[in-house]
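> 3D model of this:
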Amino acid sequence: MMVRAFKISSLALFSVALAASASWAHEAWILTPREIEALAEAPIPALFLSQMWLLVAAALSAGVALAALSAEDRFGAEIDARLRPLASSAVEIGPTILRISTGLMLGLAALGGLPRHGVEPWTTPTFLVPDMALNLVPGWDILAPVQFALALFLILGLAVRLCGAVLVALSVLGLAIFGAGFVAYAPHFAAPGIMLMLAGSGAAAVDRLLGTDALFRPGPEVQQAAWRATQILVGAGFIYLAVAYKLFQPTLIIAILDHGNVPTLGLPLPVVALLMTSVEITAGALLVMGRLVRPMAALLIGAMTFLAVVLGETPLFHANLYGVMVFYLMVGERFPRGVQITPRMREAM
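Alright, predicted model coming up:
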């Protein structure tokens with residue numbers, strides 16, 4: 001019963017996230033290049049130049065993190081035991097959500113359906129993310145049909161482990177094609193690729209119909225190492241984004257908060273921006289440590305959905321991260337070891 005309730009609630013949450021209209025958005029997707037250039041020359045708020053207030057923010061974040069880690073040490077084993085059925089069902093539900101959400105994002109990017117602000121939809125195919133337009137790199141137009149084919153395979157659930165490997169390869173290729181600008185995005189696409197390689201297709205997949213889902217399934221030791229690698233990649237990605245786009249360029253996030261009329265509860269916008277930066281760095285650091293994975297996943301889903309609603313941007317910009325976080329929410333720190341889905345388990349789900 002608990003597994004069934006979680007399945008319904010997680011799918012409902014995912015549906016609401018997609019129906020809402022941004023997420024923990026990258027500033028370069030919401031602001032135009034001209035706006036970014038102007039904001040880059042604007043003076044940095046004094047709050048972000050004050051060593052004292054930065055140390056205060058760091059100390060508060062560390063205190064909150066230590067308290068949460070202490071609570072996990074005390075209650076974590078009991079909570080994991082109670083949620084073990086969710087981890088078992090995750091081998092069916094998690095990959096299904098992840099491959100479909102990532103496939104939708106890739107397909108729309110290939111068709112120009114996820115452009116950055118100021119670009120007409122369906123006119124400019126992009127590489128994985130809105131600000132990596134393929135027309136910026138002559139000779140690489142072939143990546144649009146490659147992305148679309150990969151999207152179809154993922155949505156259908158065909159050769160999913162191979163698709164995961166291709167997604168990892170595309171993440172590395174993006175670094176070679178677009179250079180340092182792609183560092184912000186590569187970890188958040190490599191991680192779901194690795195997750196699909198180790199978890200397979202999940203439910204409602206062609207691989208299941210063909211009986212090929214078990215092909216190239218890694219052993220338990222490899223699964224655990226790969227699962228930890230995804231946490232490190234995702235966490236490091238959030239830390240990089242927080243430092244590069246919020247801590248060093250706070251005028252960008254402040255402009256987004258101002259344009260979106262984000263509720264601040266009376267706090268000045270620089271304070272809100274610093275709080276967001278602290279939360280993102282703390283969440284990323286805990287994921288890198290492999291601690292509090294489920295709470296951090298829930299926190300990030302909530303933050304992404306909140307910003308999606310208040311900024312009026314499509315959460316499909318970060319559909320890959322929604323899929324990753326739902327998977328983390330179900331599985332937690334360690335991938336289910338040696339789980340085999342039986343007909344009775346399917347009936348229970």
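> wait, Pro197 sits on Val222?
Rather than Pro, residue 197 is Met. No: taking CB atoms under 8 Å as the definition, Met197 is not a contact partner of Val222, at 9.6 Å. Using the backbone N, CA and C atoms, a C-beta is placed for each residue, glycine as well.
> So which of the two has more stuff around it?
Shown here are Met197 and Val222; by other CB atoms under 10 Å, Met197 has more neighbours (23 against 13).
> What helix or strand is that one located in?
helix 186-199 (DSSP states H and E).
> That helix - contacts with which helices or strands?
Counting by 3 or more CB pairs under 8 Å, 6 or more residues apart in numbering; DSSP states H and E, the packing neighbours recorded for helix 186-199 are helix 84-111, helix 160-178, helix 220-241, helix 319-331.
> in the next helix or strand after it, what's buried?
Beyond helix 186-199 in the direction of the C-terminus, DSSP H and E gives the next helix or strand as helix 206-210. Taking 16 or more other CB atoms under 10 Å as the neighbour-count basis, helix 206-210 is seen to contain the buried residues 206-208.
> roughly how far is helix 206-210 from the heart of the chain?
How far helix 206-210 lies from its chain's middle: 27 Å, per CA atoms, centre = their mean, to the nearest Å.
> Stretch 195-209 now?
Centre-to-centre, stretch 195-209 and its host chain are 19 Å apart (CA atoms, centre = their mean).
> Same check on stretch 178-189?
13 Å.
> pull the CA atoms of it into CSV?
This file holds the C-alpha atoms of stretch 178-189, laid out as CSV (Å, rounded to 0.1, in the frame of the first residue of the first chain):
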residue,chain,number,x,y,z
PHE,A,178,31.5,24.5,-26.7
GLY,A,179,34.5,24.7,-24.4
ALA,A,180,34.4,26.0,-20.8
GLY,A,181,30.9,27.3,-21.2
PHE,A,182,29.6,23.7,-21.2
VAL,A,183,31.2,22.9,-17.8
ALA,A,184,28.0,24.1,-16.1
TYR,A,185,25.9,21.5,-17.9
ALA,A,186,28.0,18.4,-18.5
PRO,A,187,27.7,16.9,-15.0
HIS,A,188,23.9,17.1,-15.0
PHE,A,189,23.6,15.1,-18.2
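> who touches that stretch?
Outside stretch 178-189, the residues within contact range by CB atoms under 8 Å, 6 or more residues apart in numbering are 26, 127-129, 131-132, 136-137, 167-168, 170-172, 174-175, 233-234, 236-237, 240-241, 244-245, 320-321, 324.
> Any of these buried? List them.
Those of the contacts of stretch 178-189 that meet the buried threshold are 26, 127-129, 131-132, 167-168, 170-171, 174, 233-234, 236-237, 240-241, 245, 320-321, 324, by 16+ other CB under 10 Å.
> can you redo the buried residues of helix 206-210 as CSV with pLDDT and distance to Thr96?
Below are the buried residues of helix 206-210 laid out as CSV (pLDDT from 0 to 100; distance: CB to CB, whole Å):
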residue, pLDDT, distance to Thr96
Val206, 97, 12
Asp207, 97, 11
Arg208, 94, 10
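> Please convert the residues you listed to JSON lines, extending it with distance to Ser50.
Supplementary listing: the buried residues of helix 206-210 in JSON lines, determined by distance: CB to CB, whole Å:
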{"residue": "Val206", "distance to Ser50": "56"}
{"residue": "Asp207", "distance to Ser50": "54"}
{"residue": "Arg208", "distance to Ser50": "56"}
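> ok, of the residues you listed, which one's closest to Val271?
Within these, proximity to Val271 (CB to CB) peaks at Asp207, which comes in at 49.2 Å.
> Can you name the residues that contact that closest one?
Taking CB under 8 Å, 6+ apart as the definition of contact, the neighbours of Asp207 are 157-160, 200-201, 213.
> switch to 6 Å and redo it
Taking CB atoms under 6 Å, 6 or more residues apart in numbering as the criterion, Asp207 is in contact with 157, 160, 201, 213.
> Now that we're looking at Ala22, what pLDDT does it have?
Per-residue pLDDT puts Ala22 at 34.
> repeat for Leu241
94.
> what sits against it?
Contacts here follow CB under 6 Å, 6+ apart; on that basis Leu241 touches Ala184.
> Any figure for the gap between it and Leu252?
When CB to CB, to the nearest Å is applied, the distance between Leu241 and Leu252 equals 11 Å.
> do Ser50 as well
Plainly put, Ser50 is 19 Å away from Leu252 if you go by CB to CB.
> next one: Leu299
Computed as CB to CB, the Leu299 to Leu252 distance reads 22 Å.
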